[in-house]
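Visitor: model this:
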Amino acid sequence: LFRSTRHVSAGSHSLLRVLPAREATASSPCPPGVMEAPETDPPGARQRKTGDGAGSTLTPNGNIDHVDPNTGRIQWRRHMEVVKAELLETMQGQMGEVLDKAMQEAVQSYSKSIEGRRASKPDHGSRIQEAASVEKKKVFVERKSLLDELMEVEHFRTIYHMFVATLCVFIISTVAVDLIDEGRLVLDFDLLLFTFGKFQTVVISWLCMFLFTLLVPYKALQVWGGAVHTTRSPRLLSVAMGLLLITCQTCILGLYPIYVVVHHKLPPASSFIIVLEQVRFLMKSHSFVREAVPSILHADLTEGKKVKLPEFSSYLYFLFCPTLIFRESYPRTQHIRWKYVAKNFAQFLGCVFYVYFILVTLCIPVFKNMNKQPFSSKTLILSIFHATLPGTLVLLLSFFAFLHCWLNAFAEMLRFADRMFYKDWWNSTSFANYYRTWNVVVHDWLYNYVYQDFLWLSNRKFRSAAMFLAFFLSASVHEYAFTMSLGYFYPVMFCLFAIFGVLFNFVLNDKRTSPVWNVMVWTFLFIGQGIQVCLYCQEWYAQIHCPLKEKSFWGLVTPRSWSCRM
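Guide: Have a look, this model is predicted:
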């Protein structure tokens, strides 16, 4: 194609040489044209004026005739029309030749590449294996988050403004109640300060987990990768190194965070931070080892080549960038927009205060004294539907705060260009699509390292079992995070996720495309959020009002709200 471009350039120069020659050849019998004569005279042309002031016109043959100016312009127009037709005809012929040559060269190049692929991969099975390995690789490309694109539309920005206005209403109502009841403004953020209490313990624990994840998996991979191709027993080395790494991770990333949360009795938000970082480090270290080991095993060591290990700087960058899939390089933006970073962190803090006002205004007054009332199914159902509104607001705010603001802020600071942390889950007409689009970051990890790896181990069989395994693991981790942060075991999230979530995934599948099914998805989301907020709030106050007298296994796993009556 580059050679063809040079042909086009040479053809254009030849056309410029042909044009004056054809003008000279066609000058004597030149037919009239249709283009106006230029206002400035051509080089070498001379004009003279007659006594009556009539202009003299330069004819196409270079002679000066005393003709009417209008006649001269018509002659020039017709002459230039003929030149244009000849020019287009010549260009069409040369461009046809150039395109024919380009097509021939492209076909020859394609044939050579096909022959090279056949020579390097002669068997059909290896091509299938390579296609399968390429199919499950996530490709990172530069793209903006969906909400950033939607915020450019004025109508969608209005919805954002409505949520901000609702926050302003919460603040105004709190100020009004303080002025009426107390006669002064009472800035009571005791609940918020309690939730994020003992933060220095959180920072120290995070540093320990981070340093372990940064140094131990990388050093273990470095030692194993340098010796696996030279040792006499590579399998024994692999098993020994794998068991050692798993043991260290179980102690530092498994048991240590649990000990910190339980021993220091961390409040809910602080415990939640510890647990989320624990899970994040585990997922990232697994992705790093999982992506690096195959490349080391299949490394080309011919001609004295050495095993190429991932760069330490790439691994360090991976631990902070907002993805759970390891790559040695990612698409990067050109510069950092610090105003965008500050805006996202400000919006994140705004969402935290938003959730605080929702809990203080809509949840605590309802569920604080609920255990004092006689239990009835009517009271429970009314409480669930009362909790639907605050539960839905908490769901939307959690999504916006973490999956949009927090991840985009870190992506901008690290110049991470692929901002597809979620898709348009709000348009889902099936729960299968909702689970795929709600949290793309976690979904990619589950799809690559749970679903795909299970299919590979089972020889591409048992797809339903692979999907159920991904659901079960996700539901277990969600319930573990809630149990550790709240301080009690009440498997509401696990039942909704692992039981009803799997059921809805089969019933409300991708075949449902009518807008009616989108209404159904939102209806079930509203009810599910109401159930979670209602039952978790009831259990929280039941644990306070009815503490366990004797610690036993069944006492710890049995919800206290079932029997607590004051």
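
Visitor: any idea how far the residue nearest to Ile527 when sequence neighbours are not counted is from Thr523?
Guide: Nearest residue to Ile527, sequence neighbours excluded (Cβ to Cβ, 6 or more residues apart in numbering): Thr388, at 6.8 Å. From N, CA and C alone the C-beta is placed, and that goes for glycine too. The gap separating Thr388 from Thr523 is 10 Å, by Cβ to Cβ, to the nearest Å.

Visitor: which of these two has more neighbours?
Guide: Thr388 (18 against 10; other Cβ atoms under 10 Å).

Visitor: that one contacts Phe526, doesn't it?
Guide: Yes - between Thr388 and Phe526 there is a contact at 5.1 Å, judged by Cβ atoms under 8 Å.

Visitor: OK, contacts around the residue nearest to Ile527?
Guide: If a contact means Cβ atoms under 8 Å, 6 or more residues apart in numbering, then Thr388 has 526-527, 529-530 as its contacts.

Visitor: sort out for me which of these are in helices.
Guide: Among these, DSSP state H puts 526-527, 529-530 in helices.

Visitor: okay, now the unreliable bits of the chain?
Guide: For the chain, applying pLDDT under 70 flags the ranges 1-69, 93, 96-136, 185-187, 303-304, 371-375, 508-509, 565-566.

Visitor: would you map the helices across the stretch 451-566 of the chain?
Guide: Applying DSSP state H, counting those that start in this stretch to the stretch 451-566 of the chain gives helices spanning 452-457, 463-486, 492-494, 501-507, 515-545, 553-557.

Visitor: export these as CSV, with columns for distance to Tyr422.
Guide: Listed next are the helices of the stretch 451-566 of the chain as CSV, based on distance: least, Cβ to Cβ, whole Å:
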stretch, distance to Tyr422
helix 452-457, 21
helix 463-486, 16
helix 492-494, 20
helix 501-507, 18
helix 515-545, 15
helix 553-557, 34
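
Visitor: highest mean neighbour count out of these?
Guide: helix 492-494 (a mean of 20; mean count of other Cβ atoms under 10 Å).

Visitor: pull the residues that contact it.
Guide: Counting by Cβ under 8 Å, 6+ apart, 475-476, 478-479, 482, 531-532, 535-536 sit against helix 492-494.

Visitor: repeat the analysis, applying 10 Å as the threshold.
Guide: 472, 475-483, 501, 528, 531-536, 539, 559 (Cβ atoms under 10 Å, 6 or more residues apart in numbering).

Visitor: then stretch 465-472?
Guide: For stretch 465-472, using Cβ under 10 Å, 6+ apart, the contacting residues are 432, 435, 443, 445-447, 449-458, 460, 462, 494, 497-499, 501-502, 505-506.

Visitor: tell me the gap between it and the middle of its chain.
Guide: Distance of stretch 465-472 from its chain centroid, counting by Cα atoms, centre = their mean, to the nearest Å, is 23 Å.

Visitor: span of stretch 378-396 from start to end?
Guide: End-to-end distance of stretch 378-396 (Cα to Cα, to the nearest Å): 28 Å.

Visitor: no wait, stretch 298-313
Guide: Per Cα to Cα, stretch 298-313 runs 23 Å from first to last residue.
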